[in-house]
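> coords please:
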Amino acid sequence: MITFRTAIWLMLAGVHVAVVVRAIMLEGRDAYARGAWLLLLVALPIVGTILYLLFGEVWVSDAFRTRFRNAYDALLPHATREPGTSSSPAFEGAFRTCEAASRWSASSGNSATIATGSDEAIASIVGDIDAATSTVHLSFYIWLGDRNGSTVVDAVCRAARRGVACRIVADAIGSRALVRSSQWTAMRQAGAWVHASLQVPFGLGFLAGHRTDLRNHRKIVVVDGRITWCGSQNCADPAFLPKRAFAPWVDILIRYEGPVARQAELIFASVWMAETGEDMRPAFAIRAPAPRPDGFPAIAVGTGPLSPHATMTDIFVAVLAAAREQAVVSTPYFAPDPPLLDAIVAAARRGVRVTIVFPQRNDSRILGAISRAYYPVLARAGVRIFEFRGGLLHAKTLVVDGSLALVGSANMDRRSLDLNFENNILFESVTLAEQVGEHQRDWLANAIEIDHDGVARRSPPRRFVDNLLALAAPLF
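The predicted structure is shown next:
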């Protein structure tokens with residue numbers, strides 16, 4: 001006769017076997033990720049099963065998927081469509097990849113400037129909000145109630161009180177303190193519409209229709225439909241008090257004017273429409289910003305868990321594939337999937353001068369360790385590796401051959417590649433790329449270069465740990 005305890009163990013064993021089979025059978029997952037999960041499930045059956053059920057798949061419900069897809073499809077007719085937007089032949093593949101991801105064409109006639117620092121960026125954003133006459137649309141992953149965060153809150157309140165339509169999005173987890181604060185209430189009472197994105201009741205993802213840790217990592221500012229800001233910076237002080245030990249946080253924000261602002265606003269509006277239910281199509285009745293005769297081509301692209309598998313990877317790979325002479329990368333979190341790692345290595349092997357700068361001190365110890373585990377692979381290919389010493393380098397930049405650049409919210413880690421909602425802008429402009437390059441050179445001037453020979457002479461224990469971390473990278 002089977003006892004109650006035996007029945008429980010048999011049930012748990014059945015669940016474990018079912019999860020193992022599921023992990024093997026799941027389509028669209030690379031072999032490295034599959035192997036990492038299988039190793040965890042075999043090594044730690046109970047813990048591994050629980051972790052897999054919570055985080056093993058990028059799952060969203062059919063209702064969630066349909067709601068977001070319908071909102072995006074409804075807004076697509078308002079996208080700028082300029083067949084044949086000029087870009088250099090060498091960069092055409094990168095632009096076409098972004099066009100396939102966004103389902104609109106690259107826009108021409110854009111202009112841009114880069115904020116000189118984080119505080120200056122917030123001051124300029126506040127200036128744009130104070131000058132707004134029709135709409136203010138903001139979306140931040142982390143929005144703190146510190147000096148910079150409060151300054152933006154006050155600007156939103158002023159704009160809303162004078163009749164500007166303000167729609168405000170903050171990630172429910174990343175900005176949870178602000179969402180629960182009097183400042184959030186103040187914006188609502190001033191007349192702004194506020195929304196905490198991707199809320200999960202009591203951590204129960206199945207009630208919300210998506211994974212608990214599915215996050216809106218985007219940083220979008222659009223004012224009057226003609227100005228947009230895109231980059232890595234959250235709405236906070238560089239001191240970033242929740243993680244002050246790693247301060248200052250070093251970011252980059254670019255202010256664009258032109259048709260690309262319409263594309264950024266569509267990315268914002270699609271999430272707003274899907275989550276709040278408001279029909280955003282009337283907001284695009286006004287004419288899109290006209291291209292400037294001396295402007296440059298650019299395209300805004302949003303990616304996330306509803307995108308085709310590896311869309312963000314495809315974009316990174318396409319930009320790297322365009323490199324002929326030089327590629328400079330900055331990213332705080334580096335846990336690439338095989339295609340992205342192969343693209344970096346391939347660029348270096350074909351003679352491209354590839355440089356990557358990471359933060360020396362990382363707020364995520366695990367991801368910091370995983371990043372370093374890839375140093376030997378990068379070094380053997382000839383990639384120059386630097387570690388920034390002036391705080392946490394949080395900027396996500398990729399500049400190719402001094403004229404093509406991708407700047408936005410996406411890191412080169414598994415969360416940005418597979419899970420988070422991200423937004424980036426790809427542009428071709430010698431002037432703007434040079435300005436981004438100046439920031440990169442400033443970071444490199446305050447960085448130490450990793451010795452290739454030292455990396456190659458790893459001890460057996462170190463090699464074991466590095467290889468184990470690289471194997472575990474898909475879990476993070």
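> from residue 354, how far off is residue 346?
Residue 346 is 10 Å from residue 354, where distance means C-beta to C-beta, to the nearest Å. Quick note: C-beta positions are derived from backbone N, CA and C, even for glycine.
> these two: which is more packed in?
residue 354 (24 against 16; other C-beta atoms under 10 Å).
> my read is the more buried one is in a helix, agree?
No. Going by DSSP: H, G, I helix; E, B strand; the rest coil, the assignment for residue 354 is strand, not a helix.
> so what pairs up with it in the strands?
Beta bridges link residue 354 to residue 327, judged by DSSP bridges.
> contacts only, for it.
For residue 354, the contacting residues are 323, 326, 327, 328, 329, 344, 347, 348, 381, 382, 383, 384, by C-beta atoms under 8 Å, 6 or more residues apart in numbering.
> mind checking which of the residues you listed are buried?
Among the contacts of residue 354, the ones that count as buried by 16 or more other C-beta atoms under 10 Å are 323, 327, 328, 329, 344, 347, 348, 381, 383, 384.
> circling back to that earlier point, sitting in strands, which of the contacts of residue 354 do you find?
326, 327, 328, 329, 384 (DSSP state E).
> the second one touches residue 402, doesn't it?
No. Between residue 327 and residue 402 there is no contact, the gap being 10.3 Å when judged by C-beta atoms under 8 Å.
> on that earlier part again, make JSON lines from the buried ones among the contacts of residue 354 and add distance to residue 221 to it.
Shown next, in JSON lines, are those (distance: C-beta to C-beta, whole Å):
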{"residue": "323", "distance to residue 221": "30"}
{"residue": "327", "distance to residue 221": "28"}
{"residue": "328", "distance to residue 221": "25"}
{"residue": "329", "distance to residue 221": "24"}
{"residue": "344", "distance to residue 221": "30"}
{"residue": "347", "distance to residue 221": "32"}
{"residue": "348", "distance to residue 221": "35"}
{"residue": "381", "distance to residue 221": "37"}
{"residue": "383", "distance to residue 221": "33"}
{"residue": "384", "distance to residue 221": "33"}
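> just give me the closest of those residues to residue 418.
Nearest to residue 418 among the buried ones among the contacts of residue 354, counting by C-beta to C-beta, is residue 344 at 17.8 Å.
> quick check: the closest one touching residue 381?
Yes. Counting by C-beta under 8 Å, residue 381 is a contact partner of residue 344 at 7.4 Å.
> could you give the number of residues near residue 457?
10.
> who is the closest residue to residue 304 other than its chain neighbours paired with across the strands?
Spatial nearest neighbour of residue 304, chain neighbours left out: residue 421 (3.9 Å); criterion: C-beta to C-beta, 6 or more residues apart in numbering. For residue 421, the beta-bridge partners are residue 216 (DSSP bridges).
> now do the contacts for residue 421.
Per C-beta under 8 Å, 6+ apart, neighbours of residue 421: 215, 216, 217, 218, 271, 302, 303, 304, 305.
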